[in-house]
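Participant: One predicted model, sequence on top.
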Amino acid sequence: MPLSRFQLLKNHLDHQIIGQHELTENLLIALIANGHLLVEGPPGLAKTRAINALSDGIEGDFHRIQFTPDLLPADVTGTDIYRAQTGKFHFEAGPIFHNLVLADEINRSPAKVQSALLEAMAEGQITVGQKSYPLPELFMVMATQNPLENEGTYPLPEAQLDRFLLHLVLDYPDANTELDILRLSRQEASGQRTSNIVPLSEQEIKLAREQALDLYLAPSLERYIVELVIATRQPKLYDDELSQWIEFGVSPRASIAIERCARARAWLHQRDFVSPEDIQAVVPNALRHRLIRSYHAEAEGVSVDNIVNRILSMVAVP
């Protein structure tokens with residue numbers, strides 16, 4: 001059973017990324033649920049460090065791609081290069097061909113680059129010319145966005161946002177956590193801190209995914225997931241004010257994301273069944289990027305998180 005090994009990896013991540021327990025847990029949830037992660041937060045909150053630490057804990061390679069306005073799709077996917085020695089074109093794989101990929105500041109590149117990443121995330125392959133190339137079976141993208149500066153950015157379209165399993169929003173640490181970060185940085189600078197984590201194999205990750213899918217999910221909780229999603233599409237059934245806040249509800253991908261992530265969370269917490277708590281814990285991160293607020297909600301300063309919390313309070317728990 002690889003569960004204890006995942007617990008060791010979770011402890012390793014918590015020691016490397018201090019004060020970001022939600023980020024470390026959701027990294028593992030996305031890994032087990034076989035999905036991709038969008039992380040939004042100010043600079044310096046260990047987003048790059050987090051996925052780098054995760055790559056140390058699994059048998060896979062990691063690559064960081066800095067998204068910039070002058071980035072081209074070929075800079076991500078790779079391209080055909082002519083070899084004079086053979087007189088033929090040879091495909092040179094791009095940085096997307098790694099197990100863990102950090103798409104840093106993804107909204108700073110134009111739509112063509114974003115669409116190239118979209119195919120990789122959705123189809124597990126990339127296409128150059130008339131030929132498609134499969135990506136590694138173990139493949140996860142963590143994309144980041146900086147909310148502090150929007151000048152010169154290209155907002156992700158809804159179709160691409162929907163491809164992300166979860167959307168996390170990070171905030172600055174408190175004073176005690178900041179002290180722990182200072183001490184950790186000092187220890188690492190003096191060479192006192194070393195990691196002896198034994199990486200998880202691809203087979204262990206595959207087994208964890210299979211076991212999470214085999215967890216018991218009661219039919220009443222399946223219905224609960226669906227009702228939470230339907231509430232975003234037919235909010236008037238629950239509350240007139242809620243219906244004024246929602247422009248468009250979420251797609252069926254939201255239902256799938258909630259179920260997969262709830263299963264992964266239950267498995268990480270060493271249960272053989274999914275509880276309502278697991279569902280409620282993953283719903284905000286699964287709906288945050290899929291739910292579209294109305295102009296009325298924006299004018300009133302109602303956030304997507306406010307809307308999701310209202311839905312959670314109104315839909316009856318079985």
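Facilitator: That came in fine, so what should we check first?

Participant: What strand or helix carries Thr48?
Facilitator: Applying DSSP states H and E as the criterion places Thr48 in helix 47-56.

Participant: Ok, Gln244 next?
Facilitator: Gln244 is part of helix 240-245 when elements are defined by DSSP H and E.

Participant: What segments of the stretch 151-300 of the chain are helices?
Facilitator: 158-161, 175-189, 202-213, 219-233, 240-245, 252-268, 276-287, 295-300 (DSSP state H, counting those that start in this stretch).

Participant: In JSON lines: these, plus mean neighbour count.
Facilitator: Using the backbone N, CA and C atoms, a C-beta is placed for each residue, glycine as well. Below are the helices of the stretch 151-300 of the chain laid out as JSON lines (neighbours: other Cβ atoms under 10 Å):
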{"stretch": "helix 158-161", "mean neighbour count": "15"}
{"stretch": "helix 175-189", "mean neighbour count": "12"}
{"stretch": "helix 202-213", "mean neighbour count": "16"}
{"stretch": "helix 219-233", "mean neighbour count": "17"}
{"stretch": "helix 240-245", "mean neighbour count": "15"}
{"stretch": "helix 252-268", "mean neighbour count": "22"}
{"stretch": "helix 276-287", "mean neighbour count": "22"}
{"stretch": "helix 295-300", "mean neighbour count": "13"}
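
Participant: okay, these in TSV with distance to Asp56 and mean pLDDT next?
Facilitator: Below are these laid out as TSV (distance: least, Cβ to Cβ, whole Å; pLDDT from 0 to 100):
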stretch	distance to Asp56	mean pLDDT
helix 158-161	29	80
helix 175-189	13	89
helix 202-213	14	94
helix 219-233	34	96
helix 240-245	42	90
helix 252-268	19	96
helix 276-287	24	96
helix 295-300	41	92
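
Participant: Ala93: which of those helices is closest?
Facilitator: helix 202-213 (18.9 Å; Cβ to Cβ).
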